[in-house]
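[1] Quick one, fold the following:
(chains A and B)
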There are 2 protein chains.
Amino acid sequence: MSTALDSWRPGAARSAIESFVAAVTTGPNAVPVAERVAVFDNDGTLWTEKPMPTQLHFIVEQWARMARDDASLAGQQPYKAALTGDLSWLGHAVEKHYAGDDSDLHLMIGAIVASTANESVEDYQEAVERFYAEAHHPTLGRPYSEAVYRPMVELLRYLEEHGFSCYIVSGGDRDFMRPMTVGNYGIPSERVIGSALGLAYDADTNEIRYGTSFDFMDDGPIKPVRIWSRIGRRPLLAVGNSNGDLPMLAYVKKHPVSLSLLVHHDDDSGRGDAPYDSGAETALAEADERGLVVVSVKHDWANVFPEGAGLNQ
Amino acid sequence: MSTALDSWRPGAARSAIESFVAAVTTGPNAVPVAERVAVFDNDGTLWTEKPMPTQLHFIVEQWARMARDDASLAGQQPYKAALTGDLSWLGHAVEKHYAGDDSDLHLMIGAIVASTANESVEDYQEAVERFYAEAHHPTLGRPYSEAVYRPMVELLRYLEEHGFSCYIVSGGDRDFMRPMTVGNYGIPSERVIGSALGLAYDADTNEIRYGTSFDFMDDGPIKPVRIWSRIGRRPLLAVGNSNGDLPMLAYVKKHPVSLSLLVHHDDDSGRGDAPYDSGAETALAEADERGLVVVSVKHDWANVFPEGAGLNQ
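    Below you'll find the model as predicted:
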């Protein structure tokens, strides 16, 4: 793996990154290595989140399996949607949530919690590892490990080469990410921050097991809180792509020497990353006033995915 | 700082450590570096917790300050105890807790939460740094940085030299420990796991502030849960000294290659570390059946505190 930013085209975004890294690593104002912390959102920032987040792919498979094992579930949502493959109910549940009706969302969360209730964290880890080993991205038609954004992996290595510690800070489930973050991004499990289900220690077996509660959703204003809880310092650099990343980007931007990047999914050039602004409208609208540097997938990235090397250079 | 175990006398405890480290770092069964994780309790394990935990010293000073600023508090507990210096009320509150009456304990927790309500985490960090810079241990009569256990600091360095990542896992407040862990132990803030007050993101100032709730107490069965949450793997080595460390010691001991150490405060030789079994009775009684290696402060440690170098060798 090269530590150069080969997949970044020359331009404002790449220059902002290179200037920032030079400023914090050289000269009399260099920041001590211990303080060089960078935080990255995952879905839509480090890898594609379209047509659906990877975790939804996994949980739908789990729900379908549960419904096949227990016929009483087959007629209930969200199991019915999973079993039939008609996922429109899930989309409607989210739409109802935004319209102020959380009834279907509660059914979904209940079914998420039920899918791991009483399972040990290590057994869940193995189930997730099997998923990543076998699953293919529904539109790219290849393993999810090849749905990562190559320019972002280059940025992770570039920052590490300059003394940064890089963390993932995602709304996705922490324990669903951990089995893939070393292989996909080179980020170890202790640097993966995400949403969490409630856990309890089982003294009879000396295992840690999921309970029947949701602990917290690591999104929006919770992201800065979780960053402090886990790391204990304000990072210098943050990268996100959605409205839910705005508090994290603003929190980091308040550091006197900082860089906050907002990935804009504007690529209509057919390289496999469909363009969309949905879920990022506020972030894009406020980018200038908040001092965010917008990264254009279309213009700033010479490649998007690993196998695309050289195609657009 | 030497990375040898110079303050450990030859004997069963030191041999157990050296044999274990050799077993996991050499030969065909060596454990990959990424999996070499060690966890240490803090109070009573890495530094002295007698005559009272350092955090109690700090919070009593805070309560006294609050009562001087607000006369209406002066007649109320625990402020009254703090203001008069008669701390027996605090001891009674804990005794009542063990007798099933939490009324006074709730007053204490309420006053702990009130002492930081709405304060930013960074302001609190500065206040704690000032405390550590100025406070003296009440019986040793020197800064708390010189109340650390020298053999334990040697063990941290010895483990790190053999590829281990060392974490603190304490019932103490995470954010109260962080300002001293690099200086005292060489452990950075992201490897400090402890109890936590509730936090919230203040979008107006881009600061993280303490709220008015207690989040969780990192003791007993919560310690393994927090280890998983923060690190995402089962450690190989654990060190504790009290009943509250038993679940952590047992959780680690279940790893197929593991070592769990229990520090026994049995030193009556006048080296400044008063002997006590209180709070460790169950741990000591169950040490054998649980496969814990007991570390005798009296017999296994040639020195206890930093300035004691050479005195007892």
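[2] How is chain A divided into domains?
    Per the record's domain assignment (automatic domain parsing), chain A is made up of the domains A:12-51+A:143-308, A:54-134.
[3] Mind putting these into a markdown table with distance to residue B:174?
    Where C-beta positions appear, they are placed from N, C-alpha and C, glycine not excepted. As requested, these are arranged in a markdown table below (distance: least, CB to CB, whole Å):
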| stretch | distance to residue B:174 |
| --- | --- |
| domain A:12-51+A:143-308 | 8 |
| domain A:54-134 | 21 |
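[4] Comparing the ones you listed, which stretch has the densest surroundings?
    Most buried of the domains of chain A, by mean neighbour count (mean count of other CB atoms under 10 Å in any protein chain shown): domain A:12-51+A:143-308, with a mean of 19.
[5] Wondering if it reaches chain B at all.
    Yes - shown here: domain A:12-51+A:143-308 in contact with chain B (CB under 8 Å from any CB of the partner chain) through A:34, A:165, A:174-175, A:178, A:182, A:188-190, A:192, A:196, A:199-201, A:203, A:206-208, A:221-222, A:224-225, A:228-234, A:247, A:250-251, A:253-254.
[6] Take the residues you listed and keep only those in strands.
    Using DSSP state E, the subset of these located in strands is A:165, A:192, A:196, A:199-201, A:207-208.
[7] Tell me which other helices or strands the strand or helix carrying residue A:212 touches.
    Assigned by DSSP states H and E, residue A:212 belongs to strand A:207-216. If contacts are counted by 3 or more CB pairs under 8 Å, 6 or more residues apart in numbering or on different chains; DSSP states H and E, strand A:207-216 sits against helix A:103-116, helix A:121-134, strand A:192-202, helix B:222-231.
[8] and with 10 Å instead?
    Packing contacts for strand A:207-216, counted by 3 or more CB pairs under 10 Å, 6 or more residues apart in numbering or on different chains; DSSP states H and E, involve helix A:103-116, helix A:121-134, strand A:192-202, helix A:222-231, helix B:222-231.
[9] Can I get those in TSV including distance to residue B:143 and mean pLDDT?
    Converted to TSV, these look like this (distance: least, CB to CB, whole Å; pLDDT from 0 to 100):
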stretch	distance to residue B:143	mean pLDDT
helix A:103-116	47	93
helix A:121-134	40	98
strand A:192-202	34	98
helix A:222-231	27	98
helix B:222-231	28	98
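[10] okay, the ones you listed in a markdown table with distance to residue A:169 next?
    Output for the helices and strands packed on strand A:207-216, formatted as a markdown table (distance: least, CB to CB, whole Å):
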| stretch | distance to residue A:169 |
| --- | --- |
| helix A:103-116 | 20 |
| helix A:121-134 | 19 |
| strand A:192-202 | 5 |
| helix A:222-231 | 5 |
| helix B:222-231 | 14 |
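[11] looking at those, which is closest to residue A:42?
    With CB to CB, the closest approach to residue A:42 among those belongs to strand A:192-202: 7.6 Å.
[12] Pairing partners for that closest one, with directions?
    Here strand A:192-202 has these sheet partners by DSSP bridges: strand A:165-173 (parallel), strand A:207-216 (antiparallel).
[13] Pick out the residue nearest the middle of chain A.
    residue A:42 (1.8 Å; CA atoms, centre = their mean).
[14] So residue A:12 is in contact with residue A:261, correct?
    No - counting by CB atoms under 10 Å, residue A:12 does not reach residue A:261; the two are 11.1 Å apart.
[15] where do the contact lists of these two overlap?
    Applying CB atoms under 10 Å, 6 or more residues apart in numbering or on different chains, one finds that residue A:12 and residue A:261 are jointly contacted by A:293-295, A:300.
[16] surely residue A:93 meets residue A:78?
    Yes - at 7.4 Å, residue A:93 counts as touching residue A:78 under the criterion of CB under 10 Å.
[17] joint contacts of those two?
    Taking CB under 10 Å, 6+ apart as the contact rule, residue A:93 and residue A:78 both touch A:104, A:107-109.
[18] Just name the closest of those to chain B, please.
    residue A:109 (19.4 Å; CB to the nearest CB).
[19] Name the helix or strand of chain A that has the lowest mean pLDDT.
    Counting by mean pLDDT, DSSP states H and E, chain A has its least confident helix or strand at helix A:88-98, which shows a mean of 88.
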